[in-house]
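>>> The following comprises the amino acid sequence and a computationally predicted model.
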Amino acid sequence: MQQTEHKKRVFVTGGAGYIGSHVVLALGEAGYEVLTYDNLSTGNRDSLLYGDLVVGDMDDKELLVKTLTAFKPDAVMHFAASIEVGESVSNPLKYYRNNSANALNLLEAMRMTGVGQMIFSSTAAVYGNPAKLPVVEETPLLPINPYGTSKMMTEHFLADLSLADKDFRYVALRYFNVAGADPQARLGQDYANPTHLITRALKTALGAFPKLQVFGTDYPTEDGTCIRDYIHVADLAQAHLDALSYLFAGASSAIFNCGYGHGFSVTDVVDMAKQVTGIDFLVEETDRREGDPAELIAGCAKIRNVLDWHPRHDDLETILKTAWEWEKKLVARGA
Ligand code: UDP
């Protein structure tokens, strides 16, 4: 961290969630002062290993203004959102409310309280089904599900605001498929009903689900299953710290893909989950899940060059192993 007259303060929405909690811990370890704002709808109080918590909803603008006024952050990180592609197709308004309308509340609250720097959790889902891979940041945004559209809308809010107001700067990080857990197993994903592939596979190995469904084997990929760029959550947390240093150094607003630049199919992940756990859990091939693009791989030159991001866990086995240690810990805890 750079020398400053006071400890830099970061206000984190969704800091009790999976990614948010890893970032809060990384911020704490790097010497920042952190305040988390979370309604605990999917996050857990126990996941907050650093700083204080304000329990509040993102649609409570009054509480947001009050909290920002009291804390006086130097920057905001906005994680609080709904994140399931399938659910966004069946319940789009939930996504437009939580991910778009509530982001407006936050931006308005920031303007009212003079907070001018933000790091926004965006997603590779803004690209839809890109024609060319790896997908770079300049690729036109053509989301194919309400989740991606809801995040794209917020990117537009940020871009337009930064043009209108020279005192507002932001970094949008477009996450590819975030997975894994803190290498010291202090944190990990802790949702009651996880839908993401890696967590679902590991919980199936532990017997929490009778089988793992593979959604579609007729995609135009080598083995017919979807390909994703899985990024370790600790590397993603580091990307947030790097983005923060970038903004604090006075740099202009920017958008970065967060991925490793190579992908694995659903079948690759299932095979690795079986290898890491040593458990041959039941797998069932089913129809495609609505809203899934065939292949998403990050072009990641920009984040490496501009933010000087150095990932340390670019390895599917490490991702699975850290997530597996965490899952076993949850079982031992009786969670
Ligand atoms: N997937 C699957 N079975 C599951 C969960 C996910 O086959 O139980 C597939 C899903 O269709 C997609 C890939 O795994 O092709 C990654 O999905 P996930 O929900 O983990 O992340 P997303 O790419 O939707 O953000």
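Sure, I can see it. Residues are numbered from 1 along each chain as shown.

>>> So which bits of the stretch 101-250 of the chain are right by the ligand?
For the stretch 101-250 of the chain, the residues in contact with the ligand (C-beta under 6 Å from any ligand atom) are Asn177, Thr195, His196, Leu197, Arg200, Leu212, Gln213, Val214, Phe215, Cys226, Arg228. Every residue, glycine included, has its C-beta placed from N, CA and C.

>>> Report the closest residue of the stretch 151-300 of the chain relative to the ligand.
When distances are taken as C-beta to the nearest ligand atom, the stretch 151-300 of the chain reaches nearest to the ligand at Cys226, 3.0 Å away.

>>> who touches that residue in this structure?
Phe215, Gly216, Tyr219, Ser265, Val266, Asp292, Pro293, Ala294, Glu295 (C-beta atoms under 8 Å, 6 or more residues apart in numbering).

>>> Now do the strands in the stretch 101-250 of the chain.
Shown for the stretch 101-250 of the chain, the strands assigned by DSSP state E, counting those that start in this stretch span residues 117-123, 169-175, 177-179, 212-215, 227-228, 230-232.

>>> What angle do strand 117-123 and the second one make with each other?
Put plainly, it is strand 169-175. 20 degrees (axes from the mean of the first three to the mean of the last three C-alpha atoms, to 10 degrees).

>>> Now do strand 169-175: which elements does it pack against?
The contact analysis (3 or more C-beta pairs under 8 Å, 6 or more residues apart in numbering; DSSP states H and E) places strand 169-175 against strand 117-123, helix 146-164, helix 233-248, strand 254-258.

>>> any idea of the angle it forms with helix 146-164?
Going by the same axes, to 10 degrees, strand 169-175 makes 160 degrees with helix 146-164.

>>> Output stretch 268-280 as PDB, nothing but the C-alphas.
Output in PDB follows, covering the C-alpha atoms of stretch 268-280 (Å, rounded to 0.1, in the frame of the first residue of the first chain):
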ATOM      1  CA  ASP A 268     -12.700 -31.500 -17.600                       C
ATOM      2  CA  VAL A 269     -14.000 -30.000 -14.300                       C
ATOM      3  CA  VAL A 270     -16.000 -33.100 -13.400                       C
ATOM      4  CA  ASP A 271     -12.900 -35.300 -14.100                       C
ATOM      5  CA  MET A 272     -10.700 -33.100 -11.900                       C
ATOM      6  CA  ALA A 273     -13.300 -33.000  -9.100                       C
ATOM      7  CA  LYS A 274     -13.300 -36.800  -9.100                       C
ATOM      8  CA  GLN A 275      -9.500 -36.900  -9.100                       C
ATOM      9  CA  VAL A 276      -9.100 -34.400  -6.300                       C
ATOM     10  CA  THR A 277     -11.800 -35.900  -4.100                       C
ATOM     11  CA  GLY A 278     -11.100 -39.500  -4.900                       C
ATOM     12  CA  ILE A 279     -14.900 -40.000  -5.100                       C
ATOM     13  CA  ASP A 280     -16.600 -41.300  -8.300                       C
END
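
>>> Can you list the buried residues in that stretch?
Neighbour-count burial for stretch 268-280, counted by 16 or more other C-beta atoms under 10 Å, picks out Asp268, Val269, Val270, Met272, Ala273, Lys274, Val276, Thr277.

>>> On the three-state scheme, the fourth one is what?
It stands for Met272. helix (DSSP: H, G, I helix; E, B strand; the rest coil).

>>> Give me the spatial nearest neighbour of Phe256, chain neighbours excluded.
Counting by C-beta to C-beta, 6 or more residues apart in numbering, Ile303 is the residue found nearest to Phe256 once chain neighbours are left out, at 4.1 Å.

>>> Number of residues surrounding the one you found?
25 (other C-beta atoms under 10 Å).
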